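*Asks:* build me a model:
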Amino acid sequence: MVSKLKIRDLTLRDGQQSSFATRMKQSQIDRVLPFYKDAGFYAMEVWGGAVPDSVMRYLGENPWTRLESIKKAVGDVSKLTALSRGRNLFGYSPYTDEIIDGFCRNAIESGLGIMRIFDALNDVDNIKSTVKYVKQYGGIADCAVCYTIDPKYPEPGFFAKLMGKKKLAPVFTDAYFLDKAKQMAALGADMITIKDMSGLIPPKRVAGLIRLFKQHIDVPVDFHTHCTPGYGLASVLAAIVAGADIVDTNIWYFAGGPAAPALELIYLFCKKLGVELDIDMKAVAKINAELKSIRQELETEIFGAVKPLPKEFDVLNDKLPAEIEAEFDRAVAAAKADDEAAAIDACQKIEAYFNFPAPNENVKKAEIPGGMYTNMVAQLKQLKSEHILPKAMELIPRVRLDAGLPPLVTPTSQIVGAQAVNCAIDQMKGNAMYTNTSNQFVNLVKGEYGHTPVKIDPEFRLKIAGVREETPYDTSKYKMQPNPVLENCGGVKLAENEKEVLLLELFPLVAKDFLTKTKCAAYAAAQAEEEARRQAEIEAAKPKFDPITGTVVTAPLPGIILSVDVKVGDKVKDGDDLLILEAMKMENSITATCSGTVKQIFVKPGDAVPTDGNLVEIE
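*Replies:* Numbering: from 1, shown residues only. Below you'll find the model as predicted:
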């Protein structure tokens, strides 16, 4: 056990992302920053993850301004931290070294101190470039080992056993995670994080991993988890007892449930353990007072109803009831004795007393990230197919194994979850599994995301991706996003500097929309009358369609048109690609349902289409 524990505060990034859909406005963040400067956290996670996308998409704010404003307010008191997905950064495809270089340099120049780098496959090759450039520009490379567990496979049937098939040996062993950590340390990692994105790591397991890492790796070890299934608080306590150098927490009103444990509870545990926290808890109380108001604003504005708040508690002055004080003592004793059941029970009673969310039994039973579970539910509701959920959940282990057993973290959790839904729909319609596959699933199986934890069956890869051998992503074919002159906005370039170019590369659709709106706002105000005339001309210029006499290809589900790959007059055959439709964050190739000539095209890139909306007419 360390004598002094460092805290990475997640409130302004992972905290608000986990509980409030990353909707904190800059004005709300500005209200707490003076107190953060006084609090003196070792590190503050404020950027990366969903922040750059969300602040543009939903708030109309500049991500770089977010980072720079926090740095200006906090200075060098706390190291600012961001989360990135290795070579994928924030997207679904690997980027070139040129993009990774520019991103790391600009992030560090804008105030970033620590980059937490993970790969969704735990493929160490995929984090090399980011580690290199973060260190080159003076940042701290925090390499994250993504914690995951082996799926619970169904027992082999009688005939399978007769054919000699056995249950697969465990893949995600302590030796597996230690090997990844050693590789990262050898690569130059300045610290290693055990990143438990699902909250599935129980106290005994994390204590064992912390001890193992400390024994074999000579860099600080951080522990990151969530409270969704009910292990979070007990596991963080166990990590501290086992010798973690840093743990991740949220401040009271943004803690618990899908987020990380509350700092205030960790503070109380550390007092009992004799572990020093070099944090001004009076300043934390001032942050918390503002967070209470901000939380109520977010719940009212975004979610439409105020959820129960944790019980008010002044950690410096309020006295715990005797029975809860006893639970703290019982939890500490259990953690020291590696009594996992007692530690979990005591910690859950503590959280229940303070009115933190109860363990999510659905997520605990499913053994998948809470965000992945809620995304699947939301997608099925959108498709009015909620009844498919049990089948989709049942298929996740098979889909995951077929795809090489990737850890379930963004983006692989979304890819596997969406494909399990596709497979469940296939079976419901009487089709074979994998009749419908997203482009991202195809790329995962092909090898474009990197090396999977277990090898993919070459025949399955041939079936899904058309190749037998693992085929890495070819960054030499990478094409920069178009950067046009905005003629209707005063003739300025869409992206006028390197930071804006990076936004366009990392978030093509969102950044294009954001940058266009930003640059056109002032111009549009001065040209309102001209803009109205221009819009009228655009409406008048919209194409008029002829009566339908042929076969119409329609949208199988709602989405956005990414590209149209044919033109009027083209000859097509049954099965030829016509266009790409983005749905549920996946890219779907829409193909011809008959042979003939393209008569009419009813959509263009960027159009939103409903289920059964007309796309292309062939006759």
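*Asks:* quick one: low-confidence ranges for the stretch 101-250 of the chain?
*Replies:* When residues are selected by pLDDT under 70, those of the stretch 101-250 of the chain lie in 153-166.
*Asks:* please enumerate the helices of it.
*Replies:* 128-136, 158-162, 174-187, 203-216, 232-242 (DSSP state H, counting those that start in this stretch).
*Asks:* of the ones you listed, which stretch is the most buried?
*Replies:* Greatest average neighbour count among the helices of the stretch 101-250 of the chain goes to helix 232-242 (a mean of 29), per mean count of other C-beta atoms under 10 Å. Heads up, the C-betas are built off the backbone N, CA and C, glycines and all.
*Asks:* what angle sits between it and helix 203-216?
*Replies:* Helix 232-242 runs at 30 degrees relative to helix 203-216, counting by axes from the mean of the first three to the mean of the last three C-alpha atoms, to 10 degrees.
*Asks:* what's the closest of the helices of the stretch 101-250 of the chain to S438?
*Replies:* With respect to S438, and counting by C-beta to C-beta, the nearest of those is helix 128-136 at 25.7 Å.
*Asks:* which non-adjacent residue is nearest T437?
*Replies:* I464 (6.0 Å; C-beta to C-beta, 6 or more residues apart in numbering).
*Asks:* that neighbour - how many residues pack around it?
*Replies:* 21 (other C-beta atoms under 10 Å).
*Asks:* separation between it and I117?
*Replies:* 29 Å (C-beta to C-beta, to the nearest Å).
*Asks:* so V134 sits right up against R116, yeah?
*Replies:* No: checked against C-beta atoms under 8 Å, the pair V134 and R116 is beyond contact range at 10.0 Å.
*Asks:* did I read that right, the residue nearest to T437 in a strand?
*Replies:* No: under DSSP: H, G, I helix; E, B strand; the rest coil, I464 sits outside any strand and is assigned helix.
*Asks:* list the residues that contact it.
*Replies:* Y434, T437, F441, V442, V445, K446 (C-beta atoms under 8 Å, 6 or more residues apart in numbering).
*Asks:* can you pull the contacts of the fourth one?
*Replies:* Counting by C-beta under 8 Å, 6+ apart, V442 makes contact with I464, A465.
*Asks:* what helix or strand is it on?
*Replies:* Taking DSSP states H and E as the definition, V442 sits inside helix 439-446.
*Asks:* now the spatially most central residue of the chain: how far from N375?
*Replies:* Among the residues of the chain, the one closest to the centroid is T410, at 4.3 Å (C-alpha atoms, centre = their mean). Distance of T410 to N375, given as C-beta to C-beta: 10 Å.
*Asks:* next one: K286
*Replies:* With C-beta to C-beta as the criterion, K286 and N375 are 35 Å apart.
*Asks:* those two: who's more crowded?
*Replies:* When K286 and N375 are compared for neighbours, N375 comes out ahead with 19 against 16, by other C-beta under 10 Å.
*Asks:* okay, now the unreliable bits of the protein?
*Replies:* Scanning the chain for pLDDT under 70 picks out the ranges 92, 153-166, 303-306, 530-531.
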